[in-house]
Each structure stands twice: as structure tokens, then as C-alpha cells.
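[1] here is the input, now give the coordinates:
(chains A and B)
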Amino acid sequence: MSDRTLDPDLLDVVIVGAGPAGLTAGIYCSRGRLRTVILERNMAGGQIALTELVENYPGFPEGISGLDLSDKMKSQAVQFGAELREIQAVTSLRREADGCYGVVTDQGVLRTKAVILAPGVEAKRSGIPGEAAFIGRGVSWCATCDGPLYRGRIVAVVGGGDSAVEEGLFLAKFADKVYLVHRRDELRAAPIAQERCFASPKFEFVWDSVPRKIDGEQMVEALEVENVKTGEMRRLPVNGVFIYIGQLPNTTWLKDIVDLDDQGYIVTDGHLRTRLPGVFACGDAHANPIKQIAMAVGEGALAAVQVQRYLDALDCALPGAASAAGGSAAAPA
Amino acid sequence: MDAVSQDDFEAEVIKTPGKVLVDFWAEWCGPCRMIGPVLEDLAVDYPGVKFVKLNVDEAPAVAQQFAVMNIPTILAFEGGELKQRIVGAMPKAKLVEELGAFLG
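    Take a look at the predicted model:
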């Protein structure tokens, strides 16, 4: 407590990202009575806020809308005292002379003793001609945002994983037809989702094919695909293209700060520790084997417990830490 | 932020001589819930710009006319002429940066 008197703005923990991992960490940290701020560059919920229906998260046998689930997690974190700041992007993280951290955002710097990185992932772009030009005019990564605008139209979904198939099923509620374009001849999605799309009369599967070009005048009018086995080109007449070819971790800003693997995911030890003391990582941006809500939630809880332990050890060394904090706070003045 | 409809879009946006920002949104769109408050905030910061919102479910013809197929989409008009199109929700600072020239 004595260091807080010296620096009333010093937080116990800053959590970067308010998806399932960050919000769970927020629940545990605030119940542990840590002074907790959660920073979110967009809105709380992360990827699940864009998911129509979550069917594999325990406790909701009828399924729950992604937005409802993220709202519940958000209220749960906030009700125990975590402070959530949305629409605030973190741009950097620096270790200060006293061992505390400065979390730099587009609205200022937060000082904290520990940090939990849960920045999540975002959809990967294909980079094909027309993709960037038609964003908002037929090219989208969010079926739940845009699906109803495609009522009675024809769309293409690119990819063969869970996201592609589930978003395709959602789009099939509105669109007259859904082309599913996949570079292989079988899907990777969960078998139950595969069964549903195979049973849907609205799906046409375009196997062994990759997108080459998105075409149109004012809006998207066609997706050109190439069959990778035969080299044959095919022009699909579509009004919308939804691209689900994988994800990229939101870690560009962390490149020189913590260890990242060759895909950009944050590398930690088994206790979720990064190479910086007091900085932990969890959730989809962590180099873990599965990108699932249950995994993110488990890691968020573990990261919070690790922070508690780290702070307990830090408080034992308090006299030194306190004088160092006092010294550095005085320095800039 | 006032709502505009299919019927008064022409008068409230196209025939308005100054700068108008239109937020294309819908009830079912999660990210729209996020950009709404950001725009309410901007409207206070930039009283010289008229901020309005348009529900795409109730105004499909307007959405079609401006090729709005994904929401949230923000269209920036000046003197009835479309000057800028922004797609997707973003933090206030980013939005101000994107709209810099328009907001003046």
C-alpha cells in the first residue's frame, strides 16, 4: 500500500483486450481486489461479439448469442470493480526504472505494476485485387454485421474452417445462395457444422479453389476463383464476398517488447509468463493450441492468478520498490 | 443525433448546403452499437457538422443508392456531394484522423 501513497495513479494490473480472456482476467483480478483497468481498442467482446450463436460454451445448452455472452462477461468484470475503457487503443508498453510499466494508449499513459496481454486476433485479408476497393460495398469479414443486407442476394464465403462454415450458415438465412469456396476438397470445420451446411439446399461447394479477383462497378458483382488442381478459372456471380481464411494476432505493436512466434502469436512459458517480469499473455493472441472461448476463459483466470502471485512477491520487496517508485516519480518534475 | 429516413434523406442530407455525416446502422449490428456513442461525441466536438443516422432496415433504397452493403458505414457529404466513406467501427482518435480533412 505504501507505494500507492507515493503514486496514487499506480494500478495493480492493466489488461489489454476485453475479449473472453481479458474479461475473465478482469473478473478474477477485481475479485482479488486488485486495482484493475481493462483497455479495449474497440468494444468489449472481441471476436465473440461478432459471432451469431455460441453453442460450445458450457452452461448454455440452447446456445447464446455472442453479443449476449460478451455483455454478460463484461458486466461480471465491471460489477466487481474492474474499470473498462473501450475505444482506447494501446500503442506501446515500456518498462520503467522502478520495475513498473507504462502502458501507452492513444489517450495517455497508465502506470501499472503488472500487465495481462489479451489483445486477440482479427480476420486475415486475402490480398486479392478488389478486396480492399470493395470493403463496405460487398466485401466483409462480419456476416453477423451485414447478413440481413444480403436478403435475396447471392454471396460467396471463402474458407473451410469453423468461421467460414458457421458464418456461411448464418448468411444462408438471408441469401438465396451461398457459394463456399475452399482450397481443399473437404472442410476443416466441426462435423456438426459441416452436416448442417451439407444439408442446406442453399450451399454450393466450390472445392479445390482459391479466390483470385473481386469484380464489379459500384458494388461487388463477381468473385473469380481458380481451381488449383485444373487451373480452370470460374466467375461466380455474387453480391457479397465474406473472407474467413484465418486470423492474425493483434500483436504488431508488441514486436520488440515480448517474444512472438513466426506467426506473431505471443510466446510464454507454461505459467503464461512473457519474457518481461509481471507481463502475462492469454487468449487467442497467445501461442496456444486452440482458439476457443473455453480456452481463452481458462487462460484469463490463470493469468489473473499469476498476476496475484507476482504482486505478492513484489510487495515483499516493497521498501526498495517504494523508494524506487518515489525516485522515478520525482525525476520528470 | 437525429434520425433521417428514406423520405427526408434528400432534404436533410443532399439538399443541405453544409457538411453532413450520415451513420448507416441497424439494430442487429454489434459494431454499430459501438460507433454510435463515438459519433454522438464527435457531434459535440464539431458543431459545424450535421450528424444524422439512418437505419438501413427502414431505408433500403438509400443504402442501395450509396452501395452500402456493410455496416456501420459513415458517409460524409458536403453540399450534397459524397466526399468520404468510412466502413467499420473504430476508436474516436482513429475516426478523427480518417475524417481529418472533412471535419476541418
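[2] which residues touch A:His182?
    Counting by CB atoms under 8 Å, 6 or more residues apart in numbering or on different chains, A:His182 touches A:158-160, A:164, A:205-209. Bear in mind the C-beta positions are built from the backbone N, C-alpha and C, glycine included.
[3] next one: B:Pro17
    Applying CB under 8 Å, 6+ apart to B:Pro17 gives the contacts B:79-80.
[4] and B:Asn55, by the same measure?
    Residues in contact with B:Asn55 (CB under 8 Å, 6+ apart) are B:3, B:25-27.
[5] where does confidence bottom out across those residues?
    Lowest in pLDDT among those is B:Glu27, which has 88.
[6] okay but it is in contact with B:Lys53, surely?
    No: between B:Glu27 and B:Lys53 there is no contact under CB atoms under 8 Å: 11.8 Å.
[7] and the two? Which one has more around it.
    B:Lys53 (20 against 10; other CB atoms under 10 Å in any protein chain shown).
[8] now that one: closest residue in space, sequence neighbours ignored.
    B:Asp23 (4.2 Å; CB to CB, 6 or more residues apart in numbering or on different chains).
[9] go on, A:Phe205?
    A:Leu180 (5.2 Å).
[10] which strand residues bridge that neighbour?
    Taking DSSP bridges as the rule, A:Leu180 bridges to A:Val157, A:Phe205.
[11] surely it and A:Cys197 touch.
    Yes: contact between A:Leu180 and A:Cys197 holds when scored by CB under 8 Å: they sit 6.9 Å apart.
[12] now the common contact residues for those two.
    Shared contacts of A:Leu180 and A:Cys197, defined by CB under 8 Å, 6+ apart, are found at A:165, A:168, A:203.
[13] just give the number of residues close to the second one.
    By the other CB under 10 Å criterion, the neighbourhood of A:Gly168 contains 29 residues.
[14] give me the nearest residue to it, chain neighbours excluded.
    A:Val157 (4.1 Å).
[15] rewinding a little: compare A:Leu180 and A:Cys197 and say which is more crowded by neighbours.
    Shown here are A:Leu180 and A:Cys197; by other CB under 10 Å, A:Leu180 has more neighbours (28 against 21).
[16] now do that one against A:Val297, distance only.
    30 Å (CB to CB, to the nearest Å).
[17] next: A:Leu39.
    According to CB to CB, A:Leu39 stands 19 Å off from A:Val297.
[18] who wins on neighbours among the contacts of B:Asn55?
    Taking other CB under 10 Å as the neighbour criterion, B:Trp25 ranks highest of those with 23 neighbours.
[19] name the nearest residue to A:Lys74, ignoring sequence neighbours.
    A:Ala44 (4.4 Å).
[20] low pLDDT regions in chain B?
    Along chain B, no part satisfies pLDDT under 70.
[21] okay, now the unreliable bits of chain A?
    Chain A contains residues with pLDDT under 70 at A:1-6, A:316-333.
[22] enumerate every residue touching the residue of it found nearest chain B.
    Using CB to the nearest CB, the single residue of chain A nearest to chain B is A:Gly136, 3.2 Å away. Applying CB under 8 Å, 6+ apart, we find A:Gly136 in contact with B:68-70, B:73, B:85, B:87-88.
[23] ok, now A:Lys213?
    A:128-130, A:223-224.
[24] what's the answer for A:Arg33, then?
    For A:Arg33, the contact set (CB under 8 Å, 6+ apart) comprises A:Gly81.
[25] for it, which three-state class applies?
    coil (DSSP: H, G, I helix; E, B strand; the rest coil).
[26] chain A contacts on chain B?
    Chain B comes close to chain A at residues B:26, B:28-34, B:38, B:56-57, B:63, B:67-73, B:85, B:87-94, as judged by CB under 8 Å from any CB of the partner chain.
[27] in PyMOL, select just the buried ones from those.
    Remark: buried members of these, expressed as a PyMOL selection using 16 or more other CB atoms under 10 Å in any protein chain shown:
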select buried, chain B and resi 26+28+29+30+31+32+33+34+38+56+63+67+68+69+70+71+72+73+85+87+88+89+90+91+92+94
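[28] so which of the residues of chain B next to chain A are in helices?
    B:30-34, B:38, B:63, B:92-94 (DSSP state H).
[29] now the one helix or strand A:Val297 maps to - C-alpha only, CSV.
    Taking DSSP states H and E as the criterion, A:Val297 maps to helix A:293-316. The C-alpha atoms that make up helix A:293-316 are tabulated as CSV, following Å, rounded to 0.1, in the frame of the first residue of the first chain:
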residue,chain,number,x,y,z
ILE,A,293,-13.8,-19.3,-25.8
ALA,A,294,-13.3,-22.0,-23.2
MET,A,295,-9.5,-21.9,-23.7
ALA,A,296,-9.5,-18.1,-23.5
VAL,A,297,-11.5,-18.1,-20.3
GLY,A,298,-9.2,-20.7,-18.7
GLU,A,299,-6.1,-18.8,-19.6
GLY,A,300,-7.6,-15.5,-18.4
ALA,A,301,-8.2,-17.0,-15.0
LEU,A,302,-4.7,-18.4,-14.9
ALA,A,303,-3.1,-15.1,-16.0
ALA,A,304,-5.0,-13.3,-13.2
VAL,A,305,-3.8,-15.8,-10.6
GLN,A,306,-0.2,-15.4,-11.9
VAL,A,307,-0.5,-11.6,-11.5
GLN,A,308,-1.7,-12.1,-7.9
ARG,A,309,1.4,-14.2,-7.1
TYR,A,310,3.7,-11.8,-8.9
LEU,A,311,2.3,-8.9,-6.9
ASP,A,312,2.5,-10.8,-3.6
ALA,A,313,6.2,-11.4,-4.3
LEU,A,314,6.7,-7.8,-5.4
ASP,A,315,5.0,-6.4,-2.2
CYS,A,316,7.5,-8.4,-0.1
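[30] which strands and helices sit next to that helix?
    Secondary structure elements in contact with helix A:293-316, counted by 3 or more CB pairs under 8 Å, 6 or more residues apart in numbering or on different chains; DSSP states H and E, are strand A:11-16, helix A:20-31, strand A:108-117, strand A:279-281.
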